[in-house]
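Trainee: what shape does this take:
(one chain, ligands or ions: 1)
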Amino acid sequence: MSSLPYPPRDLSSANTLGLPCVAEHFAAPESLAALQAALVEARRQGWPLTLLGGGSNLILPERLPGLVIRPAMARWWLEEGEGEAVRVHAEAGVVWHDLVMALAGRGLWGTENLALIPGSCGAAPIQNIGAYGVELCEVLEAVEVVSLADGGERWMTAEACAFAYRDSIFKGALDGQVVITRLVLRLSRTPRPRLGYGDLAERAGEQPTPLRVAEAVCAIRREKLPDPAVLGNAGSFFKNPVVAAVQAERLLALHPEMPHFPQPDGRVKLAAGWLIDQCGLKGWREGRFGVHERQALVLVHFGGGSAAELLTFAARVAGRVAERFGVELEREPRLAGERS
Ligand SMILES: Cc1cc2nc3c(=O)[nH]c(=O)nc-3n(C[C@H](O)[C@H](O)[C@H](O)COP(=O)(O)OP(=O)(O)OC[C@H]3O[C@@H](n4cnc5c(N)ncnc54)[C@H](O)[C@@H]3O)c2cc1C
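Mentor: Numbering: from 1, shown residues only. This next block holds a predicted model:
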């Protein structure tokens, strides 16, 4: 008896929130050809498709219909060139943090501030991952994508990806249209430390190397953020809201101590964690979900809860912020199956 080529799969431990989930069909293609074959089968069967990486920015429902594809092509290599720049090719299934540490260990500058962000390389461009004053788009040169509709491959420049704060074309016009299969990054042999954020400069020491900076970032993150292996979470649950200057001025008149960051377009970015904290919600728990006790931007799952309960809890948190400050919070993790 032949076994099903795309059997069901329990994904409860494949998402960092630890939400219970079973995929109707599952594939982890290790090559482009295997990915294209899975896409052909999904089309033939009329299965809806869900793409999965490390599951660190996804809210999974209890049952995912159709085919879940987790790209498992996991090679990376350096393209040595003349001069100070080095190109790095990384396939979708490479673990982002492992790549960052390997590059930092080789003395290459560019991704060290993005250490310890969970997830896969394939998902990194989706929300243009960012931390400690650096965003992926600053080092990304191009991505290879495969069309979900016909399996065709093509390259896109960083410019074509329309990167913005926690945003890209993959959450907009290309949402649900392509699988990202490979990244090309441009790193530098010439020192260019970015240490302006918090106490990173102090922690990285007097002679920072990419590895020292990456290790300092890891140490800070471990102090501040809950480890998903211990307490389910998806990192920041809300984006930092960007509001009109006039609204920011009104809020600052009432709360002069409010953190605020003027943007190039004249609007002002506020700190969602501060707004939640000011509502007295840090450490607040209701049922199986809560606001993390050290970082108000992170919602945590104590176990046994569902996606629906999480969304209800998150709506309460956002509702309290809207009531007190008149600011709408937008969710950062994506709901599997949801299209923007
Ligand atoms: C503790 C913690 C800390 C975090 N800190 C940060 C942070 O500092 N900065 C930050 O930006 N993010 C942070 N995140 C969020 C998360 O790590 C990133 O968004 C990461 O890039 C998600 O990768 P993933 O592989 O887990 O993606 P998943 O959660 O599996 O998927 C995310 C989205 O990408 C899609 N997708 C996945 N793979 C592909 C692919 N190959 N092609 C096309 N679409 C794909 C999925 O369908 C989904 O829509 C944090 C999360 C946690 C849990």
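Trainee: just give the closest residue to Val268, not the sequence neighbours.
Mentor: When the adjacent residues along the chain are set aside, Val268 lies closest to Ala248, with 3.7 Å between them (CB to CB, 6 or more residues apart in numbering). Heads up, the C-betas are built off the backbone N, CA and C, glycines and all.
Trainee: and what of Ala37?
Mentor: That would be Pro29: by CB to CB, 6+ apart, it lies 7.6 Å from Ala37.
Trainee: is that neighbour in a helix, a strand, or coil?
Mentor: coil (DSSP: H, G, I helix; E, B strand; the rest coil).
Trainee: so how far is the ligand from the residue nearest to Val268?
Mentor: 23 Å (CB to the nearest ligand atom, to the nearest Å).
Trainee: which SSE is that residue in?
Mentor: Per DSSP states H and E: Ala248 is located in helix 245-254.
Trainee: same thing with Arg43?
Mentor: Using DSSP H and E, Arg43 falls in helix 32-45.
Trainee: that helix near the ligand anywhere?
Mentor: No. Helix 32-45 stays clear of the ligand (CB under 6 Å from any ligand atom), getting no nearer than 9.5 Å.
Trainee: again with stretch 122-142
Mentor: Yes. Using CB under 6 Å from any ligand atom, stretch 122-142 reaches the ligand at 122-124, 126-127, 129-131.
Trainee: which parts of that stretch are buried?
Mentor: For stretch 122-142, the neighbour count (16 or more other CB atoms under 10 Å) marks 122-132, 134-142 as buried.
Trainee: averaged pLDDT, it. What do you get?
Mentor: Confidence over stretch 122-142 (mean pLDDT, whole number) is 97.
Trainee: next one: stretch 227-243
Mentor: Stretch 227-243 comes out at a mean pLDDT of 96.
Trainee: after the lengthiest helix in the chain, which helix or strand is next?
Mentor: Counting by DSSP state H, the longest helix found in the chain is helix 307-325. Using DSSP H and E, the helix or strand that follows helix 307-325 in sequence is strand 334-335.
Trainee: each with direction, which strands does that next one pair with?
Mentor: strand 58-59 (parallel) (DSSP bridges).
Trainee: centre of the chain to the very next helix or strand once past the partner strand, how far?
Mentor: Following strand 58-59 in sequence order, the next helix or strand is strand 63-69 (DSSP H and E). Computed by CA atoms, centre = their mean, to the nearest Å, the chain-centroid distance of strand 63-69 equals 20 Å.
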